[in-house]
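Trainee: Whatever this is, show me its structure:
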Amino acid sequence: MHVPFVTRPRTRVDAHVKVLDDDVVALAKERGIDALVYAPHFTRITTVRERAARYSDDDLTVVPAREVFTGDWGNRRHLLVLGVTDPIPDYITFEGAMAEFERQDAVVLVPHPSFATISLTRPEIAAHADRLDAVETYNTKLLPHQNARARQISESTGTPGFGSSYAHLPGTVGEAWTEFDGALDDEAAVVDAFRERRPRTVVHRGGAGHQLRGLVEFVHLAYENTWEKADRLFLSGDEPTLPSNVAYEGKFDDVSVYSGGIADYRPK
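Mentor: Purely as a prediction, here's the structure:
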């Protein structure tokens with residue numbers, strides 16, 4: 001008897017993007033992406049959720065997330081968190097952030113591990129491996145040796161990997177993704193796939209075009225991390241994700257890495 005071959009559905013998740021508009025959504029669909037994890041910098045989760053809902057439809061799920069900056073500007077450790085509902089500020093201690101993630105039962109991912117002074121290092125990941133749900137093993141913005149180092153960190157710490165375009169520019173969306181078996185039809189399903197450490201494959205596009213997109217993003221990174229840009233972000237000392245913002249009602253004052261004055265937030 002002939003048994004027909006049945007292809008199981010798979011879900012492609014571009015697990016970290018910074019941009020979201022009609023063009024981004026169209027490109028993601030064109031490239032076969034089923035879900036985007038949207039985590040713009042310095043934006044409260046309530047705003048991220050509203051924007052994610054606006055661009056989600058039957059063909060593409062936009063998962064709201066936060067890339068939280070722990071520590072001070074010069075020694076910050078980025079953590080990508082999914083499944084959060086209550087606002088979490090930047091520039092709080094690592095332990096303060098982790099406590100809040102645990103309170104909200106959030107999924108905690110490590111973007112661009114051991115990169116510059118903005119990422120968790122190998123020893124830090126090893127020390128907290130039981131509190132982390134995945135480590136990014138392919139990031140379009142990074143260079144080949146940096147992604148190879150990330151894969152080694154994932155393997156040595158026993159932490160699952162994930163891949164993303166890390167798109168700060170619209171044309172990079174869908175250049176890399178994390179592929180899960182089965183259909184993940186909504187935000188909760190995507191979050192649970194990471195939380196449950198389900199098997200996945202990290203995939204990226206190839207060829208000269210992909211390499212060029214990565215180089216363009218890498219060059220853009222220099223602008224993203226200049227003191228000049230940071231200075232503009234801290235002009236008022238009351239930006240949406242600073243712990244001193246009135247929206248947090250002092251809840252994070254005891255874990256803030258700054259005392260709250262405008263001069264304290266302005267990078268030196």
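
Trainee: So, low pLDDT: which residues of the stretch 151-268 of the chain?
Mentor: In the predicted model of the stretch 151-268 of the chain, residues 223-238, 260-268 satisfy pLDDT under 70.

Trainee: Okay, strands next: where are they in it?
Mentor: For the stretch 151-268 of the chain, applying DSSP state E, counting those that start in this stretch gives strands covering 161-164, 176-181, 200-204.

Trainee: need these in CSV with mean neighbour count, can you?
Mentor: For glycine as for every other residue, the C-beta is placed from the backbone atoms N, C-alpha and C. Converted to CSV, the strands of the stretch 151-268 of the chain look like this (neighbours: other Cβ atoms under 10 Å):
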stretch, mean neighbour count
strand 161-164, 26
strand 176-181, 24
strand 200-204, 17
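
Trainee: would you list those in CSV and tack on distance to residue 46?
Mentor: Output for the strands of the stretch 151-268 of the chain, formatted as CSV (distance: least, Cβ to Cβ, whole Å):
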stretch, distance to residue 46
strand 161-164, 23
strand 176-181, 26
strand 200-204, 29
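
Trainee: residue contacts, residue 157?
Mentor: With contact set as Cβ atoms under 8 Å, 6 or more residues apart in numbering, residue 157 has these partners: 122, 125-126, 129, 135.

Trainee: And those, which of them are buried?
Mentor: Among the contacts of residue 157, those scoring as buried are 122, 125, 135 (criterion: 16 or more other Cβ atoms under 10 Å).

Trainee: returning to what we had before: so of the contacts of residue 157, which ones are in strands?
Mentor: Judged by DSSP state E, the subset of the contacts of residue 157 located in strands is residue 135.

Trainee: From the contacts of residue 157, pick the one nearest residue 158.
Mentor: Nearest to residue 158 out of the contacts of residue 157 is residue 129 (Cβ to Cβ; 6.3 Å).

Trainee: Identify the residue nearest the closest one in space, chain neighbours excluded?
Mentor: Once flanking residues are discounted, residue 129 sits nearest to residue 157: 4.8 Å by Cβ to Cβ, 6 or more residues apart in numbering.

Trainee: Now do the contacts for the nearest residue to residue 214 once chain neighbours are set aside.
Mentor: Distance criterion Cβ to Cβ, 6+ apart; nearest residue to residue 214, sequence neighbours excluded, is residue 140 at 5.0 Å. Applying Cβ under 8 Å, 6+ apart, we find residue 140 in contact with 164-167, 172, 175-176, 204, 210, 213-214, 217.

Trainee: of those, closest to residue 76?
Mentor: Taking Cβ to Cβ as the measure, residue 166 is the one of the contacts of residue 140 closest to residue 76, at 16.2 Å.

Trainee: Check which helices and strands the longest helix along the chain sits against.
Mentor: Longest helix of the chain, by residue count under DSSP state H: helix 207-224. On a contact count with 3 or more Cβ pairs under 8 Å, 6 or more residues apart in numbering; DSSP states H and E, helix 207-224 meets no helix or strand.

Trainee: roughly how far is it from the heart of the chain?
Mentor: Centre-to-centre, helix 207-224 and its host chain are 18 Å apart (Cα atoms, centre = their mean, to the nearest Å).

Trainee: and what of stretch 199-219?
Mentor: 16 Å.

Trainee: Just the residues contacting that stretch, thanks.
Mentor: Under Cβ under 8 Å, 6+ apart, the answer for stretch 199-219 is 12, 31, 137-138, 140-143, 160-163, 166-169, 171-172, 174-181, 193.

Trainee: Next up, the contacts around residue 95.
Mentor: Contacts for residue 95 (Cβ under 8 Å, 6+ apart) come out as residue 255.

Trainee: Which SSE is immediately downstream of whichever strand or helix holds it?
Mentor: Assessed by DSSP states H and E, residue 95 sits inside helix 94-103. Using DSSP H and E, the helix or strand that directly follows helix 94-103 along the chain is strand 107-110.

Trainee: which neighbours does that following strand have in its sheet, and in what orientation?
Mentor: Using DSSP bridges, strand 107-110 pairs in its sheet with strand 77-82 (antiparallel), strand 134-139 (parallel).

Trainee: do you know which of those lies nearest residue 53?
Mentor: Going by Cβ to Cβ, the one of the strands paired with strand 107-110 nearest residue 53 is strand 77-82, 15.1 Å.

Trainee: No further queries at this time; thank you.
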